[in-house]
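*Asks:* Sequence plus predicted model, see below.
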Amino acid sequence: MYTNTKRNSSFRQAGGRMAGRGQARRGGGKSEKIDISRFVNKVTTTEKVVLFTPVNKFQDFQIDERLKKSITAKGYVLPTPIQDRTIPEILLGHDLVGIANTGTGKTAAFLIPLIHKILRNRKEQVMIIVPTRELAIQIENELREFVTGMKIFSVCCVGGAPIGKQLRDLRYEYNFIIGTPGRLKDLIDRKMIRLAEFNTIVLDEADRMLDMGFVNDMRAVMSGMPKNRQTLFFSATLSQDVEKLIGEFLRQPVRISVKTSDTSKNVDQDIVRVRDSREKIDTLHKLLCQKELTKVLIFGRTKHGVEKLSQNLTECGFKAESIHGNKNHSKRQQALRQFKDSTIQILVATDVAARGLDIADVSHVINFDIPATHDDYVHRIGRTGRAGKLGKALTFVS
């Protein structure tokens, strides 16, 4: 456990205030009291690791040879558990519910068989719905890497980005639409997207879309699609509300769960005790000066607090940027690019960055503010300890 006894009133200038004793609050959203013992989980490096042995190799899947070459070019040899179990089922045309921890390769799990589907029939169109613009852009980038030279096209339709370009792109040929629920609903209302033309839909991070209040937009989209469609539903959690959506949207789905535990075994988790808000920022400064904190994602509760904290860190000489809902699309993308290529050391974010984003080599996640729910905590710390590497998660508590 980390402790610090010094105080520094500069925290007031950082615009933050800590939720205490494990009580998380988020305006307008659900919250729960989280036992702080759930923020502590030490990685035991001497523990015997049971290695996963896939049933298939990528070359074994019944997919187009061009796609196999693309997979090899990306350096993929053996599928992850979610890929190993879902790809054959999707290729058979089944509806599917996939439950998996963050960072387990589920994007490729649905992209690979759907690309094959389009290579077999160029008239096929696929819609992928995700909760955030960052995740939509990330999925489109991964799709483009897979389909280089195959003349498969996509349109990314997300809020916060100029709608004019999206309207223009929708007038050309495309096979995939990847977007957020609100923007997709807007484009459907404008008659720019004809749902009857889509025989396949993917709902990715469905639990998060439910949390964010997108359920009515999701229902509006689903109601306009053909009854005879393939629906793929991916979620990290399986609540009663999520089960209700599965019952509404899917037909006799195959259920695949490769979730082994709530949090990754590769993430060493601990708490940072501070007595009050005045010493909180000073403690953070000292942590960030430690050489092992090479690439740090800091989560705050509010957009205002995140921006203030980012400014404070920059003024103190740290290479930091912020990402939150008040920041425009281009600046959010710029901040993500700088963090991904390590131009900056620190990214301060709201929970907009907690889901789906795949950023390599994040050494530490710091919960400067306690998350609203344990599910939010799980997704925050899932940004580190990815691809078999060890990561560290620290949560500030009073």
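*Replies:* The structure has been received and is ready for your questions.
*Asks:* which residues of the stretch 151-300 of the chain fall in helices?
*Replies:* In the stretch 151-300 of the chain, the segments counted as helices under DSSP state H, counting those that start in this stretch are 163-169, 181-189, 206-211, 215-223, 240-249, 277-288.
*Asks:* For the fourth one, name the packing helices and strands.
*Replies:* Translated: helix 215-223. strand 126-129, helix 181-189, strand 200-203, helix 206-211, helix 240-249 (3 or more CB pairs under 8 Å, 6 or more residues apart in numbering; DSSP states H and E). Backbone N, C-alpha and C define where each C-beta goes, glycine included.
*Asks:* ok, which stretches of the stretch 51-200 of the chain are strands?
*Replies:* For the stretch 51-200 of the chain, applying DSSP state E, counting those that start in this stretch gives strands covering 96-99, 126-129, 154-157, 176-179, 200-203.
*Asks:* Pairing partners for the fourth one, with directions?
*Replies:* The partner list of strand 176-179 in its sheet, established with DSSP bridges, is strand 126-129 (parallel), strand 154-157 (parallel).
*Asks:* circling back: want to throw the helices and strands packed on helix 215-223 into a markdown table with distance to residue 151, mean pLDDT and mean neighbour count?
*Replies:* As requested, the helices and strands packed on helix 215-223 are exported to a markdown table (distance: least, CB to CB, whole Å; pLDDT from 0 to 100; neighbours: other CB atoms under 10 Å):
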| stretch | distance to residue 151 | mean pLDDT | mean neighbour count |
| --- | --- | --- | --- |
| strand 126-129 | 15 | 98 | 24 |
| helix 181-189 | 23 | 95 | 19 |
| strand 200-203 | 19 | 97 | 25 |
| helix 206-211 | 31 | 86 | 23 |
| helix 240-249 | 31 | 92 | 14 |
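*Asks:* Among the ones you listed, which comes closest to residue 83?
*Replies:* Closest approach to residue 83 among these (CB to CB): strand 200-203, 14.5 Å.
*Asks:* Remind me what that closest one packs against, helices and strands.
*Replies:* helix 106-120, strand 126-129, helix 215-223, strand 230-235.
*Asks:* Neighbouring strands - and their directions - for that strand?
*Replies:* strand 126-129 (parallel), strand 230-235 (parallel).
*Asks:* can you give me how far the shortest one is from the chain middle?
*Replies:* Right, the one you point to is strand 126-129. When distances are taken as CA atoms, centre = their mean, to the nearest Å, strand 126-129 is centred 16 Å away from the chain's centroid.
*Asks:* ok, back up a step: mind checking which of the strands of the stretch 51-200 of the chain is nearest residue 246?
*Replies:* So among the strands of the stretch 51-200 of the chain, strand 96-99 is nearest, using CB to CB, at 5.8 Å.
*Asks:* Quick one: residues in contact with the closest one.
*Replies:* If you take CB atoms under 8 Å, 6 or more residues apart in numbering as the criterion, strand 96-99 is touched by 82, 86, 89-90, 106, 109-110, 231-238, 246, 250, 253-259.
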